[in-house]
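Participant: structure of the sequence below:
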Amino acid sequence: MKQLFRFLLLFGLCILCSDAFARQFPNYPIPQRPDTLRILGIGNSFTEDGMEYLPDLLAAAGIENVILGRITLGGCSLERHCREYAADTDYYTYSKSTHNRWETVLKKARLREGIADERWDIVIIQQVSGKAGMYLTYEPWLGHLVEIVRLHCPNAGACIGWQQTWAYSPDSQHGDFIRYDRNQQLMYDGIVAAVKQLRDETSIEVIVPTGTAIQNLRGTQPADWAQVTRDGFHLNFRTGRYTAACTWFQTLVAPALGTTIVENGCRLRGTSHELTEEEATVCRQAAQRACIRNLAVWTEDKAHEIGAPAQ
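Facilitator: Numbers count the residues shown, from 1 in each chain. Model prediction:
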C-alpha cells in the first residue's frame with residue numbers, strides 16, 4: 001500500500017509538474033566560508049568516479065571541515081531515480097566521508113535516506129551517461145528529482161548543481177554509444193549542448209564540468225594519456241578519476257572555502273594509482289581550464305540575460 005501511494009504521488013507530480021516548474025524552481029548559491037561544507041552526489045558509477053578522490057584532495061589541502069556523501073545506483077537515469085523513489089526501493093549504496101575517508105554507510109539504502117542524512121549545502125545530480133547528450137530525456141524527471149531533494153533535504157536552502165559527464169572513448173563498446181554514431185566528438189558536443197540548455201531553461205547554475213576536463217586531458221601530450229577510461233566509459237583509476245575530482249574540488253570547494261586546486265599536493269601516494277608530479281600537474285590544469293571555461297560561459301550567458309556586454 002505504501003509503495004502504491006508513492007507511485008500515485010509520483011504519477012500525480014508527473015501530471016501537475018510542468019516545464020514551468022523546471023524553469024522556476026528555487027535554487028541557492030554555494031555557501032561562503034561555512035563552518036562545515038556538506039556536499040552530496042546523487043547518481044551512479046559516474047558520480048562515484050567524479051567524487052572518489054575528493055577526500056584525498058581535501059586532506060592534501062589540510063581541509064577537515066567538509067562532509068561528503070554519495071548515494072548511487074549503477075546505470076541510474078533521472079527517470080529511474082524518480083521511479084525508485086516512488087517504489088521506495090533500497091537498491092542504492094550510500095557512502096560518506098566525514099574525516100577525508102570514504103566509508104559505506106548503507107549497502108541497501110533508499111534515495112530519501114541519503115538526502116535526509118545531513119543538512120547538505122550542495123546537492124549534485126546528473127543524467128545517466130548514455131542520455132547525457134539528449135536534453136529531451138532530462139524532463140520532466142529533472143524537475144521531479146529536484147522536488148524530491150527539496151522534500152527530504154533538511155537544508156531548505158541547499159544549492160542544487162549538475163555534473164556534466166564525459167564522452168565515451170572512440171573504441172567504447174557501450175550500448176548507448178550508438179546514439180551518437182559511435183563518435184566521441186559528437187557525443188561530447190551533445191553533452192555540452194544539453195548542459196547549455198539546462199542552464200537556459202532551469203534554475204541550475206552550478207555546473208561541475210567534468211566532461212570538459214576529461215576532454216581537455218584527452219587532448220594533452222603524451223598521447224597515451226588520452227586513454228582516460230578503464231573500459232571505454234568509466235574513468236581510469238589514475239589520471240581520469242584524479243582529473244574529475246580536481247574539477248569537483250575547483251567548482252565546489254574552492255569558492256566555498258577560498259582555496260584552489262592549483263598547487264594541491266595530492267598524488268595518491270602509497271597506492272597503486274600514484275601519479276608523477278608531471279601527471280598531477282597536467283590533470284589539475286585540465287580541470288582548471290574546464291572550470292575557467294565554464295565560468296566564462298556562465299558570465300556570458302548572464303550578460304546576455306541582462307542585455308549587457310560580458311566583461
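
Participant: CA only for contacts and neighbour counts going forward, please
Facilitator: Fine.

Participant: so for the protein, the centremost residue is which one?
Facilitator: In the chain, the residue lying closest to the centroid (C-alpha atoms, centre = their mean) is residue 163, at 2.7 Å.

Participant: that residue bridge partners, please.
Facilitator: residue 208 (DSSP bridges).

Participant: distance of it from residue 208?
Facilitator: 5 Å (C-alpha to C-alpha, to the nearest Å).

Participant: so who does the residue nearest to the centre of the chain touch?
Facilitator: Listed by C-alpha atoms under 8 Å, 6 or more residues apart in numbering, the contact partners of residue 163 are 47, 124, 125, 126, 207, 208, 209, 210.

Participant: may I ask which two of the residues you listed are separated the most?
Facilitator: For these, the farthest-apart pair by C-alpha to C-alpha is 47 and 207; their separation is 13.5 Å.

Participant: which strands and helices sit next to the longest helix along the chain?
Facilitator: In the chain, with assignment by DSSP state H, the single longest helix is helix 277-306. On a contact count with 3 or more C-alpha pairs under 8 Å, 6 or more residues apart in numbering; DSSP states H and E, helix 277-306 meets helix 210-218, helix 239-248.

Participant: of those helices, which stretch is the most buried?
Facilitator: helix 239-248 (a mean of 28; mean count of other C-alpha atoms under 10 Å).

Participant: so for that helix, mean pLDDT?
Facilitator: Average pLDDT, helix 239-248: 98.

Participant: helices and strands around the next helix-or-strand element following it, which ones?
Facilitator: Once the chain leaves helix 239-248, the next helix or strand it forms, by DSSP states H and E, is helix 254-257. Identification of packing neighbours for helix 254-257 by 3+ C-alpha pairs under 8 Å, 6+ apart yields no helix or strand.

Participant: wasn't residue 67 part of a strand?
Facilitator: Yes: applying DSSP: H, G, I helix; E, B strand; the rest coil, one finds residue 67 inside a strand.

Participant: any idea of the pLDDT on the closest residue to residue 207 other than its chain neighbours?
Facilitator: Closest residue to residue 207 apart from its sequence neighbours, by C-alpha to C-alpha, 6 or more residues apart in numbering: residue 162 at 4.9 Å. In this prediction, residue 162 carries a pLDDT score of 98.

Participant: try residue 6
Facilitator: On the pLDDT scale, residue 6 gets 55.

Participant: what's the answer for residue 300, then?
Facilitator: Confidence score, pLDDT, at residue 300: 68.

Participant: got the contact list for the nearest residue to residue 57 once chain neighbours are set aside?
Facilitator: If the residues on either side of it in the chain are set aside, residue 57 comes closest to residue 266, at 5.6 Å by C-alpha to C-alpha, 6+ apart. In this structure, residue 266 makes contact with 56, 57, 60, 280, judged by C-alpha under 8 Å, 6+ apart.

Participant: just the buried ones from the residues you listed, in ChimeraX syntax?
Facilitator: Only the buried entries of the contacts of residue 266 go into this ChimeraX selection, using 16 or more other C-alpha atoms under 10 Å:
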select :56,57,60,280
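
Participant: of the contacts of residue 266, closest to residue 252?
Facilitator: Of these, the one sitting nearest to residue 252 (C-alpha to C-alpha) turns out to be residue 57, at 12.6 Å.

Participant: residue ranges with poor pLDDT in the stretch 101-250 of the chain?
Facilitator: In the predicted model of the stretch 101-250 of the chain, residues 221-226 satisfy pLDDT under 70.

Participant: tell me where it has strands.
Facilitator: Secondary structure of the stretch 101-250 of the chain (DSSP state E, counting those that start in this stretch): strands at 102-109, 122-125, 159-163, 207-208.

Participant: what comes up buried for the longest one?
Facilitator: It refers to strand 102-109. Buried-residue list, strand 102-109, by 16+ other C-alpha under 10 Å: 102, 106, 109.

Participant: show me which of the residues you listed is closest to residue 202.
Facilitator: Distance to residue 202, by C-alpha to C-alpha, is smallest for residue 109 among the buried residues of strand 102-109, at 28.8 Å.

Participant: so what's that closest one up against?
Facilitator: Counting by C-alpha under 8 Å, 6+ apart, residue 109 makes contact with 71, 89, 90, 91, 92, 93, 94.

Participant: filter those residues to the buried ones?
Facilitator: 71, 90, 92, 93, 94.

Participant: what kind of secondary structure is the first one in?
Facilitator: Under three-state DSSP, the three-state class of residue 71 is strand.

Participant: can you check the last one too?
Facilitator: For residue 94, the assignment made with three-state DSSP gives strand.

Participant: just give the closest residue to it, not the sequence neighbours.
Facilitator: residue 71 (4.4 Å).

Participant: cool, residue 79 as well?
Facilitator: In space, and not counting its chain neighbours, residue 79 is closest to residue 141: 5.2 Å by C-alpha to C-alpha, 6+ apart.

Participant: give me the neighbour count for that neighbour.
Facilitator: Residue 141: 22 surrounding residues under other C-alpha atoms under 10 Å.
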